[in-house]
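*Asks:* return atomic coordinates for the entry below.
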Amino acid sequence: MELIATATFGLESIVADELKRLGYEDLMVENGRVTFKADLEALCRTNLWLRTSDRIRLKMGEFTAVTFEELFEQTKALPWADWLPKNAEFPVEGKSIKSTLFSVPDCQAIVKKAVVESMKNKYRVDWFEETGPMYKIEVALLKDTATLTIDTSGAGLHKRGYREINSPAPLKETLAAAMVLLSRWHPDTTLVDPFCGSGTIPIEAAMIGYNMAPGSNRSFVSEKWPVIPKKLWQKAREEALDALNKDCPLDIMGYDIDNRAIRLARDNAAKAKVDNAIHFQQQPLSALSSKKKYGKTISNPPYGERLSEKKEVEELYRKMGKIFAKLDTWSHYILTSHPHFEQLFGKKASKKRKLYNGNIKVDYYQYYGPRPPKPKKKKTQPNAAYGAIHPRPLY
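*Replies:* Residues are numbered from 1 along each chain as shown. Here you go, the predicted model:
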């Protein structure tokens, strides 16, 4: 079967890398999604393990449709009853971009009717009560190509289960994980977030360092699907538990000037079961320093989107430039939407990458410090390392 790992624009290649590390090579990268061929076990494993994907969708079919009749007949021809039981609840969502069939409500209604007609042929009933498991269908039309999918995740994959109460300006867990992966942070390297807020970046880093499956503390809508044997979910969860390596020592710190944010960060870290790996402390940016020669800062400072905050934020960026310059052997990774960040910071980035934080277009500024010397090899049991999404150790 084909599965689609959806992604925020700019993160598709990161999702593709994650899938490859999980062992899935037959994939196609497109805007906002990565399509890959896999089996039922992959449906379970990718929901549990993908850190930067938004959700996993089961691809039912894809075809050209420029009339409502074409949409109806080709949707009806798909094998819906192979997946949906007689009592399935199957609402239909839709979107249409640059397509002849631009009326989304009409497309949703036609797809719903076509699925019902398809299931009538299998179950020999005229009415479906829809009291059973959830199968949320999406019809997505792009330039007259209709793609029909079923959501397997339920709540978005960014909802790991540890952040019930959000800070005023939360960073999505999937984007925070991507920031850590893009920094190529390694668990034996010190990591500091000087604007940690509710702790998302340090928590995601700790989960990567421990090789913790991000979905291990939550449930997924497809766990209730009769077509997926429960033993597959059980096997995937056992695999995640076996891969967990909390013996890996981590040096992660989160600072914020707001004490309420620090309390929330500690609470979130405890829920994520990584509180022993992170030191959170109330501290202003001006106090940032370290005795460690090498390390990385990864941060999502205020953007100054509101006009009233712009001057204050610009002054903050100037201060960041001066303070970060003292950590001249460190690498720094900063996410912001400000178009003149480099000028304010006082240094051109080694590299920058366009991303999206929600609906806000941002740049991820990457300042590379000198590469630390390679540590002498020790004869120890290999453990999970940076970006180790594969449940088995990478080295």
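
*Asks:* did I read that right, residue 356 in a helix?
*Replies:* No. Under DSSP: H, G, I helix; E, B strand; the rest coil, residue 356 falls outside any helix and is assigned strand.

*Asks:* residues in contact with it?
*Replies:* 8, 9, 10, 362 (Cβ atoms under 8 Å, 6 or more residues apart in numbering). Using the backbone N, CA and C atoms, a C-beta is placed for each residue, glycine as well.

*Asks:* relative to residue 163, how far out is it?
*Replies:* 19 Å (Cβ to Cβ, to the nearest Å).

*Asks:* mind listing what's buried along the longest strand seen in the chain?
*Replies:* Longest strand in the chain by number of residues (criterion: DSSP state E): strand 55-64. Neighbour-count burial for strand 55-64 flags 55, 56, 57, 58, 59, 60, 63 (criterion: 16 or more other Cβ atoms under 10 Å).

*Asks:* what packs against that strand?
*Replies:* strand 2-6, helix 40-49, helix 68-76, strand 145-151 (3 or more Cβ pairs under 8 Å, 6 or more residues apart in numbering; DSSP states H and E).

*Asks:* I'd like to know which of these is closest to residue 33.
*Replies:* Closest to residue 33 of the helices and strands packed on strand 55-64, according to Cβ to Cβ: strand 2-6, at 5.0 Å.

*Asks:* quick one: the closest one to strand 145-151, angle?
*Replies:* Strand 2-6 and strand 145-151 are oriented at 90 degrees to each other (axes from the mean of the first three to the mean of the last three Cα atoms, to 10 degrees).

*Asks:* pull up the pairing partners for strand 2-6, direction included.
*Replies:* For strand 2-6, the paired strands and their directions (DSSP bridges) read strand 33-37 (antiparallel), strand 55-64 (antiparallel).

*Asks:* about what we covered before: can you flag the buried ones in the contacts of residue 356?
*Replies:* Listed as buried from the contacts of residue 356 are 8, 10, 362; burial here means 16+ other Cβ under 10 Å.

*Asks:* strands of the stretch 51-200 of the chain, start to end?
*Replies:* For the stretch 51-200 of the chain, applying DSSP state E, counting those that start in this stretch gives strands covering 55-64, 92-97, 137-142, 145-151, 191-193.

*Asks:* can I get these in TSV with distance to residue 240 and mean pLDDT?
*Replies:* Formatted as TSV, the strands of the stretch 51-200 of the chain follow (distance: least, Cβ to Cβ, whole Å; pLDDT from 0 to 100):
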stretch	distance to residue 240	mean pLDDT
strand 55-64	15	98
strand 92-97	29	96
strand 137-142	27	97
strand 145-151	21	97
strand 191-193	23	98
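
*Asks:* of those strands, which is nearest residue 70?
*Replies:* Going by Cβ to Cβ, the one of the strands of the stretch 51-200 of the chain nearest residue 70 is strand 55-64, 7.3 Å.

*Asks:* mind giving me the packing neighbours of the worst-scoring helix or strand of the chain on mean pLDDT?
*Replies:* Using mean pLDDT, DSSP states H and E, the weakest-scoring helix or strand in the chain turns out to be helix 307-326, at a mean of 92. Using 3+ Cβ pairs under 8 Å, 6+ apart as the contact test, the elements touching helix 307-326 are strand 331-336, helix 341-345.

*Asks:* buried deepest among the ones you listed, which one?
*Replies:* Most buried of those by mean neighbour count (mean count of other Cβ atoms under 10 Å) is strand 331-336; its value is a mean of 25.

*Asks:* among the contacts of residue 356, which are in helices?
*Replies:* Among those, none falls in helices (DSSP state H).

*Asks:* what pLDDT does residue 379 get?
*Replies:* In this model, residue 379 is scored at 51, pLDDT.

*Asks:* hmm, back to that, between the helices and strands packed on helix 307-326, which gets nearest to residue 159?
*Replies:* Comparing those by their distance to residue 159 (Cβ to Cβ), the top pick is strand 331-336, with 20.4 Å.

*Asks:* return the distance of the closest one from the chain's centre.
*Replies:* Centroid displacement of strand 331-336 relative to its chain, using Cα atoms, centre = their mean, to the nearest Å, is 19 Å.

*Asks:* show me what counts as buried in the host helix or strand of residue 280.
*Replies:* Assigned by DSSP states H and E, residue 280 falls within strand 278-282. Neighbour-count burial for strand 278-282, counted by 16+ other Cβ under 10 Å, picks out 278, 280.

*Asks:* C-alpha coordinates for that strand, CSV please?
*Replies:* The C-alpha coordinates for strand 278-282 follow below in CSV (Å, rounded to 0.1, in the frame of the first residue of the first chain):
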residue,chain,number,x,y,z
ILE,A,278,17.3,18.8,31.3
HIS,A,279,18.3,21.6,33.6
PHE,A,280,15.7,24.5,33.4
GLN,A,281,16.5,27.8,35.1
GLN,A,282,15.1,31.3,35.2
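
*Asks:* related to what we said a few turns ago, quick one, which of the strands paired with strand 2-6 is nearest to residue 217?
*Replies:* Comparison of these against residue 217 by Cβ to Cβ identifies strand 55-64 as nearest, at 17.0 Å.

*Asks:* tell me the angle of the closest one relative to helix 40-49?
*Replies:* Angular relation of strand 55-64 and helix 40-49 on a 0 to 180 degree scale: 130 degrees, by the same axes, to 10 degrees.

*Asks:* use 5 as the first number for this chain going forward.
*Replies:* That works, and once the first residue is 5, the last one we named lands at strand 59-68.

*Asks:* distance between strand 59-68 and the chain's centre?
*Replies:* 20 Å.

*Asks:* just want the angle from it to strand 141-146.
*Replies:* Going by the same axes, to 10 degrees, strand 59-68 makes 60 degrees with strand 141-146.

*Asks:* contacts for strand 59-68 next, please.
*Replies:* Contacts of strand 59-68 (Cβ under 8 Å, 6+ apart): 5-10, 39, 47, 50-51, 54, 74, 78-79, 81-84, 87, 141-142, 148-157, 160-161.
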